[in-house]
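1. what's the 3D shape of this:
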Amino acid sequence: TVSNQKVENGTQLSFTLTPNEVCNSGQITYRYFENDWFHDSGEVLPGVVVDFRTPKSTTVDPSGSPASSTYGDTVTFSADVTASSGTPSGEVEFKDTNGILCTGILVGGSTSCDVSNLPTGGPYTITAEYIPDTGEFITNSSSFNHTVSKVTTTASLTTSSSSTYGQAFTLNATVTGSQTVNVGSVQFRKSNGDVLCTDSLVSNGNAFCTVNSVLAAGTPTITVAYTGDSNFANDTSTGTHTVNKATPNITLTPSHTNSAYGTNIIFTVSVTKPAGALAAAANPTGTFDVVYGTSSVVSGCDNISLGSTCSNNSLIPSTYSMRASYVGNANYAAIESSPDQSVVITNSNTNATLYYAGTTAKATACDTASDWDVSFPFDTPSAKNAVEATDYFFCVRVTDTSTPITTVNAGQAEIWLEQGGTELATSLYTVTSGTPVGTRYRVSVSSSDAKFTLRFLAAIADSTNTIIYYRYRGNAASYFAASSIENTATFQIKP
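-> Alright, predicted model coming up:
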C-alpha cells in the first residue's frame with residue numbers, strides 16, 4: 001500500500017508514487033473502506049497502468065516480403081520485430097502513401113498479413129511500422145520496395161467451325177491470364193495486316209466478331225491481337241481458319257430442245273455466286289463442258305470459258321440427257337447442273353418432187369427450169385397416151401425441209417405404177433438406173449436428185465388411167481426421214 005488516506009467532506013485524494021527496481025510498473029488499484037455512515041466499496045477497483053521502466057529499442061525487418069507481384073494476386077507482407085532484450089509484442093502496420101494496407105499481430109516477434117488488388121506499377125515504397133502494445137518497447141519502422149506487374153495474357157484463335165468462300169462468318173478468340181480477362185479488345189487481322197474485325201469488349205476471356213471481308217478458299221493465317229489496359233498486358237498470336245470452296249449456281253440452256261438432225265444447237269451455261277454471297281466475292285471463273293450420258297462430252301463444248309457459248313450441229317437423232325459440268329476454280333467447287341436437260345434430235349424431214357424433161361436426157365439438176373419444166377404429155381384435162389418403147393426422162397428431187405437445209409446424198413427414191421389401185425408388174429415397164437424390188441424400182445439419190453428413164457415394154461390392152469407414184473425412202477444412217485407418198489397425173493399406155 002502506497003497511500004492510505006482519510007476521506008473528509010468528499011475530498012479528492014492524491015498521492016505520490018516512487019518506483020524502485022523491485023516495483024517499477026504495474027496497475028494501481030484502490031478501495032474505499034466503510035465508516036459509520038457509508039458501506040465498504042467491497043472490492044479492489046482497477047486503476048491506470050503505470051510503467052516507469054526505460055523502453056527498449058526495436059528493429060523491424062520486412063525482408064521476407066516479396067519484391068514484386070502480379071496485378072490481382074494476393075500478396076503476403078511479413079516482418080520480424082526484435083528488441084535489445086525480450087520479445088516485442090503488439091502489431092505491425094504495412095502502409096503506403098495512401099494509408100494502411102494491412103495490419104499483422106506479432107506472435108513471437110513475427111507477423112504477416114495479406115493484401116489484394118494492389119494497383120499496377122511501382123516500385124512502390126511500403127513501410128512496415130511496429131506499434132508496441134506496452135511501454136516496454138519503442139516503436140520503429142522500415143521500408144521496402146514492391147512492384148506490381150501487369151497480368152501476362154495469352155490470346156488464341158479458337159474458331160472451330162469452317163466458313164465458305166464469299167460468305168460472312170464469325171471468328172472467336174480466348175484471352176487467358178492469371179486473372180480472368182474482362183477488359184480490352186481483340187482485333188482479327190489478315191496475314192497482310194488488313195483488319196478483318198474487332199471485338200471491343202472481351203467478356204470472361206472470350207472475344208468474337210463477324211467478318212464481312214472475303215477470304216480466299218484454303219487455310220489463311222489469322223492474327224489475333226489483344227490490346228489490354230493498365231493491368232493486362234497486350235498479346236499477339238496467329239492461327240489458321242479453314243475457308244471451304246463455295247458451291248455456285250449453274251444452269252444449262254440449249255437453244256433447241258427438240259430439233260431435226262443438222263440443226264445448230266447453241267448451249268448457254270450460267271454459273272453464278274450462291275445466295276447470300278457478299279458483294280465483294282468474285283464471280284466464278286473457269287471453264288465448263290456440256291456432257292450427256294455418263295460422261296460423254298458434246299463435240300465443240302469441251303473446255304469452254306465461262307461467259308462464252310458453244311454449239312453443235314452434228315448430234316445424231318436420239319434423246320439426250322444433257323447437263324453442264326463446271327470444273328471449278330480456286331474458290332468455287334466443281335458442279336454439274338441438275339436436273340438433266342432433255343434434248344431430242346430427230347431425223348431430218350424430207351419432201352419429194354417429180355420433175356420431167358421430155359424424151360431427151362438432161363445432165364442438169366432436176367429443178368433447172370429450162371430443162372425440167374416440160375409438160376408431162378399425159379396431163380389432164382385430157383388423158384394422153386404413153387407410147388410403148390419410148391424413153392421418158394424423169395427425176396425425183398429430194399429436199400431436206402428441216403432447218404438448216406442439208407443436201408441429201410444418201411438413200412433411194414422409190415417409183416412404181418398403179419392402175420385401178422393395183423401396182424403394175426415390172427415386166428410391163430422398166431426404170432433405167434433403178435433396181436427392181438417387187439413391183440417397184442429404187443433409184444439412188446445423189447446431190448438431192450434421183451434421175452431415171454421410164455420405158456413401157458408393152459401396151460396394156462383396155463387400159464385405164466395409170467398413175468406414177470414416188471417417194472423418198474429415207475436413210476437412217478444419214479438421219480433423213482422418209483417423205484410422204486406422192487403421185488402425178490394419169491395417162492394410158494398404147495402401142
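
2. I'd assumed Tyr441 was in contact with Leu424.
-> No - if you go by Cβ atoms under 8 Å, Leu424 and Tyr441 don't touch, sitting 11.2 Å apart. Glycine gets a C-beta too; all of them are placed from N, C-alpha and C.

3. Looking at those two, which one has more neighbours?
-> Tyr441 (24 against 20; other Cβ atoms under 10 Å).

4. Strand partners (parallel or antiparallel) of the helix or strand where the more buried one lies?
-> Element membership for Tyr441, per DSSP states H and E: strand 440-444. Strand 440-444 has the following sheet partners, assigned by DSSP bridges: strand 412-419 (antiparallel), strand 435-437 (antiparallel).

5. can you put those strands in TSV and add distance to Cys113 and mean pLDDT?
-> Output for the strands paired with strand 440-444, formatted as TSV (distance: least, Cβ to Cβ, whole Å; pLDDT from 0 to 100):
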stretch	distance to Cys113	mean pLDDT
strand 412-419	120	92
strand 435-437	126	95
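
6. Put together a markdown table for those, with mean neighbour count and distance to His146 on each row.
-> As requested, these are exported to a markdown table (neighbours: other Cβ atoms under 10 Å; distance: least, Cβ to Cβ, whole Å):
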| stretch | mean neighbour count | distance to His146 |
| --- | --- | --- |
| strand 412-419 | 22 | 115 |
| strand 435-437 | 12 | 121 |
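
7. of all those strands, which lies closest to Asn303?
-> Nearest to Asn303 among the strands paired with strand 440-444 is strand 412-419 (41.5 Å), distances taken as Cβ to Cβ.

8. and the helix or strand just after the closest one, what does it pack onto?
-> Per DSSP H and E, strand 412-419 leads on to strand 422-423 as the next helix or strand towards the C-terminus. Contacting strand 422-423 under the criterion 3 or more Cβ pairs under 8 Å, 6 or more residues apart in numbering; DSSP states H and E is no other helix or strand.

9. So, low pLDDT: which residues of the protein?
-> Low-confidence regions of the chain, defined here as pLDDT under 70, cover residues 1-2, 9-11, 21-24, 375-386, 403, 460-464, 489-495.

10. Do you have the helices of it handy? List them.
-> 369-372 (DSSP state H).

11. for the residue nearest to the spatial centre of the chain, what are its contacts?
-> For the chain, the residue nearest the mean C-alpha position is Thr164 (0.9 Å; Cα atoms, centre = their mean). Thr164 makes contact with 243-246 under the criterion Cβ atoms under 8 Å, 6 or more residues apart in numbering.

12. next one: Ile100
-> The contact partners of Ile100, by Cβ under 8 Å, 6+ apart, come to 93-94.

13. ok, so what distance separates it from Val344?
-> Distance, Ile100 to Val344, by Cβ to Cβ, to the nearest Å: 99 Å.

14. picking that back up, between Leu424 and Tyr441, which contacts overlap?
-> Taking Cβ under 8 Å, 6+ apart as the criterion, Leu424 and Tyr441 both touch Trp416.

15. Number of residues surrounding Val271?
-> A count of neighbours around Val271, defined by other Cβ under 10 Å, yields 23.

16. which of the contacts of Thr164 count as buried?
-> In terms of neighbour count (16 or more other Cβ atoms under 10 Å), the buried residues within the contacts of Thr164 are 243, 245-246.

17. so can I have CSV of these showing distance to Ile415?
-> Formatted as CSV, these follow (distance: Cβ to Cβ, whole Å):
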residue, distance to Ile415
Val243, 73
Lys245, 65
Ala246, 65
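
18. Counting only strands, which of the contacts of Thr164 make the cut?
-> 243-244 (DSSP state E).

19. closest to Val115 among the contacts of Thr164?
-> Once Cβ to Cβ is applied, the member of the contacts of Thr164 that ends up nearest Val115 is Val243, at 49.8 Å.

20. residues touching that closest one, list them.
-> Residues near Val243 by Cβ under 8 Å, 6+ apart: 162-165, 215-220.

21. again, but for Pro123
-> 67, 145-147 are the contacts of Pro123 under Cβ under 8 Å, 6+ apart.

22. out of those, who has the most neighbours?
-> Among the contacts of Pro123, His146 has the most neighbours (other Cβ under 10 Å), with 22 neighbours.

23. Surely that residue and Ala67 touch.
-> Yes - assessed by Cβ under 8 Å, His146 is found in contact with Ala67 at 6.2 Å.

24. can you list contacts of the strand holding Tyr441?
-> With contacts defined as Cβ under 8 Å, 6+ apart, strand 440-444 is touched by 396, 411-416, 423, 426, 430-431, 433-435, 450-452, 473.

25. Relative to the whole chain's centre, how far out is it?
-> Distance, stretch centre to chain centre, for strand 440-444: 68 Å (Cα atoms, centre = their mean, to the nearest Å).

26. ditto for stretch 399-409
-> Offset of stretch 399-409 from its chain centre (Cα atoms, centre = their mean): 51 Å.

27. What distance separates the opening and closing residues of it?
-> Start-to-end span of stretch 399-409 (Cα to Cα, to the nearest Å) is 10 Å.

28. So which residues make contact with it?
-> 259-264, 313, 348-351, 353, 398, 445-448, 472, 478, 480.

29. same question, stretch 323-338
-> 165-166, 216-218, 245-248, 250-252, 267, 269, 271, 282, 284-292, 306, 340-341.

30. Out of those residues, which sit inside strands?
-> Members of the contacts of stretch 323-338 lying in strands (criterion: DSSP E): 250-252, 267, 269, 271, 287-292, 341.

31. which one of these is nearest Thr54?
-> Checking the ones in strands among the contacts of stretch 323-338 against Thr54 with Cβ to Cβ, the nearest one is Val271 at 103.1 Å.

32. before we move on, the earlier item: ok, of the contacts of stretch 323-338, which come out buried?
-> Applying 16+ other Cβ under 10 Å to the contacts of stretch 323-338, the neighbour count classes 165-166, 217, 245-246, 248, 250, 252, 267, 269, 271, 282, 284, 286-292, 306, 341 as buried.

33. any idea how far stretch 470-479 is from the chain center?
-> Here the centre of stretch 470-479 is set off from its chain's centre by 56 Å, with Cα atoms, centre = their mean.

34. CA atoms of it as PDB?
-> Output of stretch 470-479 as PDB, limited to C-alpha atoms (Å, rounded to 0.1, in the frame of the first residue of the first chain):
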ATOM      1  CA  TYR A 470     -43.000 -41.900-156.000                       C
ATOM      2  CA  ARG A 471     -41.400 -41.200-152.600                       C
ATOM      3  CA  TYR A 472     -38.100 -40.900-150.800                       C
ATOM      4  CA  ARG A 473     -37.500 -43.900-148.600                       C
ATOM      5  CA  GLY A 474     -35.300 -42.100-146.100                       C
ATOM      6  CA  ASN A 475     -31.900 -43.100-144.800                       C
ATOM      7  CA  ALA A 476     -31.300 -43.900-141.100                       C
ATOM      8  CA  ALA A 477     -27.600 -43.900-141.400                       C
ATOM      9  CA  SER A 478     -27.600 -40.300-142.800                       C
ATOM     10  CA  TYR A 479     -30.500 -39.300-140.500                       C
END
